[in-house]
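Chemist: Structure here, sequence nowhere to be found:
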Ligand code: LHQ
């Protein structure tokens, strides 16, 4: 349900249930989480590229999994979040390596919000983001209320979530929800090149940078200045800093090791 391939320091994870627009069943939840966990554990992984197989990126939870017409007690969706989505979301945010997301087609429900949890999001121009939850009586999850409210502010966050209106990739980029919208035919080439160049970069420093930017929203300026001091101290002791400065002085490209 998730294809996993490591090349040039990039772990590519491809959500792979194309017949169901890569919606999440239990297998896919577990396989996806395993992939992100590997990115934490395996030092050979220096960046992650997330995408979807087929014409969609991810349609959120598989709604065929529980058919209400069959009766039985109402499902405990809080438990589904606690067991599956929430740990994965935390793993993506706490991974101190860049996560690039290539949104190749429609991203709906939790599928959209998983994309928004990634660090750099590129989307095909034909892709759209849908907060589909309102259509089925649910609330946005997978961090959606947090990321939409923070990135867009309440007016746009509420309108998207309450209406479930699709947001096209170019508008998502204009609104700052994603990094950029690219021609469909160029998406994977561009996303792969970006992920490879990040993986060949000073990934220790990039990981610290990700941490600092994520902390900024809840830190005071004083706390953030202290955090920058501590991270810079660590970065300043890295082999990559020495290599970066040496390469600059020698007017040659740097060869970073991520250490
Ligand atoms: C699907 C799905 C899908 C199953 C397309 N499931 N089959 C968390 C906690 C616990 C539970 C509940 O949820 C959550 C988080 C959530 O993510 S809730 C939101 C769940 N997602 C949705 O409500 C989106 C449902 N899908 C759609 O609205 C449409 O499929 C979109 C707008 C994504 C795409 O529309 P189209 O391009 O017209 O494609 P399609 O609807 O024809 O879908 C293609 C196939 O994929 C189709 O199967 P079929 O056998 O008829 O070809 C769909 O049934 C299947 N599919 N999404 N979520």
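Modeler: That came through fine. Owing to the predicted nature of the structure, the values given are computational and were not obtained by experimental measurement.

Chemist: how about the strands in the stretch 1-150 of the chain?
Modeler: Taking DSSP state E, counting those that start in this stretch to define them, one finds strands in the stretch 1-150 of the chain at 2-7, 10-15, 47-52, 56-58, 99-103, 106-108, 120-124, 128-130.

Chemist: of all those strands, which lies closest to the ligand?
Modeler: Judged by CB to the nearest ligand atom, the one of the strands of the stretch 1-150 of the chain that comes nearest to the ligand is strand 106-108, at 3.8 Å. In short, each C-beta sits where N, CA and C put it, glycine included.

Chemist: mind giving me TSV with the strands of the stretch 1-150 of the chain and columns for mean pLDDT, mean neighbour count and distance to residue 211?
Modeler: Shown next, in TSV, are the strands of the stretch 1-150 of the chain (pLDDT from 0 to 100; neighbours: other CB atoms under 10 Å; distance: least, CB to CB, whole Å):
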stretch	mean pLDDT	mean neighbour count	distance to residue 211
strand 2-7	98	14	23
strand 10-15	99	23	19
strand 47-52	99	27	15
strand 56-58	99	27	26
strand 99-103	99	27	13
strand 106-108	99	27	25
strand 120-124	99	25	15
strand 128-130	99	24	26
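
Chemist: Using CSV, lay out those strands together with distance to residue 142.
Modeler: Formatted as CSV, those follow (distance: least, CB to CB, whole Å):
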stretch, distance to residue 142
strand 2-7, 16
strand 10-15, 13
strand 47-52, 13
strand 56-58, 10
strand 99-103, 13
strand 106-108, 11
strand 120-124, 14
strand 128-130, 12
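
Chemist: could you dump these to CSV with distance to the ligand?
Modeler: Shown next, in CSV, are the strands of the stretch 1-150 of the chain (distance: least, CB to the nearest ligand atom, whole Å):
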stretch, distance to the ligand
strand 2-7, 16
strand 10-15, 12
strand 47-52, 11
strand 56-58, 6
strand 99-103, 12
strand 106-108, 4
strand 120-124, 14
strand 128-130, 6
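
Chemist: The ones you listed: which one's closest to residue 205?
Modeler: strand 47-52 (13.1 Å; CB to CB).

Chemist: Within its sheet, name the partner strands of the closest one and how each one runs.
Modeler: Each strand paired with strand 47-52, and its direction, by DSSP bridges: strand 10-15 (parallel), strand 99-103 (parallel).
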